[in-house]
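> Predicted model follows, preceded by the sequence.
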Amino acid sequence: MVDNKTLILQEFDKLKGQFIITMMYKVERLVAIAEDDMDYYYITYNGRKLTWNTCVGSIIPLKGYIKDEYYNEFERMSDLNDYDKLLGKDGIEHEGVNYTLAGLKANLMKEWKETDKLLTDIIFTDNESTD
């Protein structure tokens, strides 16, 4: 029998970087899986910050379930507004400081407790992206 951690990681592998609906009815990108001393978490990203969503609830995938034109609109808006997309592959220079994707990931994790542990890397792009 497969344990819950393995099932959650398998689900993440299929959906990483994609837009999903959280149990709080928000459309965000699934970017990581984490755990603490009590639970496993779906880590979602709204373009500015991370949210830890308990895996006790479920997530609803959108890609392949809604019309491509609607899903592509989420991608288009993300390209225009989300910090990771604005940085690009090489980062961005602003007021003499080069902001990178690695720096963004580190900054996003600053607010989490020392007991929080990522089980995956933070992955912003989905399986089919070429970025």
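Everything's here; your move. Numbers count the residues shown, from 1 in each chain.
> Can you classify the residue sitting nearest the centre point of the chain as helix, strand or coil?
When C-alpha atoms, centre = their mean is applied to the chain, the residue found nearest the centroid is residue 31 (2.0 Å). Put simply, residue 31 is strand when judged by DSSP: H, G, I helix; E, B strand; the rest coil.
> please begin residue numbering at 32 from this point
Sounds good: first residue 32 from here, last item residue 62.
> Quick check: pLDDT value at it.
If you check residue 62, the pLDDT there is 95.
> Please name the residues that touch it.
Counting by C-beta atoms under 8 Å, 6 or more residues apart in numbering, residue 62 touches 47, 48, 74, 75, 76, 81, 153, 154, 155. Placement of C-beta: from N, CA and C, glycine included.
> ok, now residue 72?
Contact analysis of residue 72 by C-beta under 8 Å, 6+ apart lists 64, 65, 66, 83, 84, 85, 86.
> my guess is the fourth one is in a strand, correct?
Yes - under three-state DSSP, residue 83 sits within a strand.
> That one and residue 156: what is the separation?
To residue 156, residue 83 is 21 Å away according to C-beta to C-beta, to the nearest Å.
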